[in-house]
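J.: Please find the sequence and the predicted model below.
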Amino acid sequence: MCGICGFVSRYKIEEKSVRIRRMMNTLIHRGPDDASEYTDDKVALGFRRLAIIDIEGGRQPMSNEDKTVWVVYNGEIYNFTDLRERLKSLGHKFKTASDTEVIVHSYEEWGHKCLQYLDGMFAFALWDSNLAELFLAIDRIGIKPLYYTDRGQFVFASEVKALFESGFISSEMDHRVLPYHMAFLWAPHPLTLFQGVKKLAPGHYLVVRENRVTEHEYWNLRIQENNQTSFSFWQDEVRKDVANAVRSQMISDVPLGAFLSGGIDSSAICHFMSEFSTKPISTYFIGFSKEDQQREILMNEEPYADLMAKHIGSVHNKIILSPDIENLIGKLVWHLDEPVGDPAAVSSYFVSKAARETLTVMLSGVGGDEVFAGYPRHLAMKILSQYNKVPWLARSALRNLVELLPGGQSALFRNIKKFVKSVHEDEFAAYLSMLCYFNEEDQKNLFSKDFFDETRKVDIYQFHKVHFDNSKGLSLLNRLLYLDFKTFLPCLNLLYTDKMSMAASIEARVPFLDTQLIEKIFSMPAEYKLKGSHRKYVFKKSMDKILPEKVVWRKKTGFGAPIHSWISGNLQAMIMDYLSEERLQQQRIFNPQYIGKLLKDEFSNAEYFSNHIWQLFIFQIWYEQNITQ
């Protein structure tokens, strides 16, 4: 796992070297083990290394034999040993045992079509001096990020902050993108909140040649539901495919372990890791102090993690935190690059930092909910289809009653209110309303009049509409899972997983996002994933006889952090400063009166607005770090 960067420029090599080193220094957390560069009269490539495979021989930038092809690469190619043997049979000669060299020879053999042969998580940039062409790509799912700008000079990097260190682009905010962040916590590909900065979409590659940048799609999830197979068939296939995905991602020349929350996703991964390991695996769990938890809606998962660790006999590392969040939050926002207001990002950093004491590689359960239908909103949409059959007068009366429910700490009441508000909409709009923080109507009040007038033509649902339309013909549940797969998963969950794990110099691998597993599970009939009120039903049944029953059939809880306690406690003064009327008026983006009402209701427990306030707080820190310098 590494950090990569580079640019195309006709500057003198000495000037290129100065610029590329500044970029590399910004990425030191992604690769503390090594740093090197390649420059010629047209291009500069920089690399920071976190050594995982072929510790001695895997240095980058790496070239072919005659040094006409150079690559910098971030990630892991899980099928590299098979590919190497195939390439050897075609006459290619290897000088290292690294997966990086497989990319070089695959490109020599198949050109851009080499992407069809690579199985893994990756972002790379390959310079072909014979063609004077830069070829950049990321993996099919979007596990590894790649940012770039083509304003004047073409510049790329694993993280946005490195782009600015090149000196070719300055940090400016794109106002048109903020409505997306306020609605969903993230911006869709290729948008970022930085003016002129784009992020490469999953399954895509770029070609930069003669000052022209062209983008191409090389993979997309094609779903054809297979309704001819039995439930028992799928149950066996799920167990086998998850096991194979875990085994393929355990390849490493350095110590590796796993996150263990006590949920079924992380527990299944840990179970198979323990089966394939010759010694007890290392597992990591983090929790928060009783003081932080006492005012929270988060479930205590510690007993389930303990039960699972005992079940597989792991070396279990349990960290109970009471973090100095006031002094840490700025650092975490800096590492995120984009203002991601998901509290899970904070927990992701803490568990990665704890694991780095003894490990370099960790397996994570990210993606299990998107693949197997694990979110409450998936079940809510099923209930919605039945609810819409209730007579209109009865639904209207219920809506009026629901409005009388109190807010405050009750997650149940909040979810009921959100659900009932969405039922008068069509299926697509209803699903998005469950995803939204500040919807289109809210944003009229959230933003200042001038800012709203400037951005009012932005359709925050337009990217969702494209993906939803592209999945016509599928069952509703599989359409919604496809929508999550193209938006929520890469733009939010994978983004913060990468940034927070790399902030701690940890490589996070995600077996549930193995390409073969995804392609197969997405063809499964929807009723096997969501049966009755049971989410992830086929997955749970496949693990029923393997994992403890209490782990398999327990109530789901989200991965998060005790932000309500922090907002009302340690962070209150800081939040009141960042969201003060004076600061907001100077900024001229938000409506101070509306945000003041959110704060008042939150602190009085009249309503629960912790997530909304956290999102605004994270944005304000990001804005101060990046825009008001």
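T.: Arrived safely, thanks for sending. Residues are numbered from 1 along each chain as shown.
J.: For T358, list the residues it contacts.
T.: Going by Cβ atoms under 8 Å, 6 or more residues apart in numbering, T358 touches P255, G257, S282, N317. Heads up, the C-betas are built off the backbone N, CA and C, glycines and all.
J.: Keep only those of these that are in strands.
T.: G257, S282, N317 (DSSP state E).
J.: roughly how far apart are the first one and V510?
T.: Distance from G257 to V510, counting by Cβ to Cβ, to the nearest Å: 15 Å.
J.: Also E357?
T.: If you go by Cβ to Cβ, the gap between E357 and V510 works out to 22 Å.
J.: Same question for N220, what's its three-state structure.
T.: Using DSSP: H, G, I helix; E, B strand; the rest coil, the structure places N220 in coil.
J.: Now it, what are its backbone angles?
T.: When read as degrees, to the nearest 10, the backbone of N220 gives phi -150, psi 150.
J.: can you count the residues close to the nearest residue to it once chain neighbours are set aside?
T.: Distances taken as Cβ to Cβ, 6 or more residues apart in numbering place G203 nearest to N220, at 5.8 Å, with adjacent residues excluded. Using other Cβ atoms under 10 Å, the number of residues around G203 comes to 20.
J.: G203 against W219, yeah?
T.: Yes - contact criterion Cβ atoms under 8 Å: G203 and W219 qualify, at 3.9 Å.
J.: Give the residues shared as contacts by the two.
T.: R140.
J.: circling back: ok, now how distant is the residue nearest to N220 from M500?
T.: For G203 relative to M500 (Cβ to Cβ), the value is 24 Å.
J.: where does P391 land on pLDDT?
T.: As predicted, P391 sits at a pLDDT of 57.
J.: Ok, I319 next?
T.: Note for I319: predicted pLDDT of 88.
J.: in the sheet, who's paired with it?
T.: In this entry, I319 is beta-bridged to I286, by DSSP bridges.
J.: That one contacts K353, doesn't it?
T.: No - shown here, I319 and K353 do not form a contact pair, counting by Cβ under 8 Å, at 9.1 Å.
J.: Which of these two has more residues huddled nearby?
T.: Between I319 and K353, counting by other Cβ under 10 Å, K353 is the more crowded of the two (19 against 15).
J.: my guess is that one contacts A504, does it?
T.: Yes - between K353 and A504 there is a contact under Cβ under 8 Å: 4.2 Å.
J.: which SSE is the residue most central in space within the chain in?
T.: The geometric centre of the chain, computed from its C-alpha atoms, lies nearest to L494 (Cα atoms, centre = their mean), at 1.4 Å. Taking DSSP states H and E as the criterion, L494 maps to helix 494-503.
J.: What is the subsequent helix or strand relative to that helix?
T.: The first helix or strand that comes after helix 494-503 along the chain, using DSSP H and E, is strand 507-509.
J.: Show me what that following strand is packed against.
T.: In terms of contacts (3 or more Cβ pairs under 8 Å, 6 or more residues apart in numbering; DSSP states H and E), strand 507-509 is packed against strand 361-363, helix 494-503.
J.: right, so of those, which gets closest to L90?
T.: Nearest to L90 among these is strand 361-363; the distance by Cβ to Cβ comes to 30.5 Å.
J.: List of residues touching whichever helix or strand comes after that closest one?
T.: Sequence order places helix 368-372 as the next helix or strand after strand 361-363, per DSSP H and E. The contact list for helix 368-372 (Cβ under 8 Å, 6+ apart) reads 264-265, 374-375, 481, 484-485, 488-489, 493, 512-513, 517-518, 521-522, 529, 535-536, 538-539.
J.: For the helix or strand just after helix 368-372, which helices and strands make contact with it?
T.: Downstream of helix 368-372, the first helix or strand assigned by DSSP H and E is helix 376-387. Helices and strands touching helix 376-387, by 3+ Cβ pairs under 8 Å, 6+ apart, are helix 411-422, helix 427-435, helix 476-486.
J.: Just give me the lowest mean pLDDT stretch among those helices.
T.: helix 411-422 (a mean of 56).
J.: got a list of what F428 touches?
T.: Counting by Cβ under 8 Å, 6+ apart, F428 touches H464, K465, F468.
J.: Could you give the number of residues near S171?
T.: Neighbours of S171 under the rule other Cβ under 10 Å: 17.
J.: Need the three-state assignment for it.
T.: Relying on three-state DSSP, one would call S171 coil.
J.: Please look at it and A162 and confirm they touch.
T.: No - the pair S171 / A162 is not scored as a contact, 11.9 Å apart, by Cβ under 8 Å.
J.: Enumerate every residue touching Q224.
T.: Applying Cβ under 8 Å, 6+ apart, we find Q224 in contact with S523.
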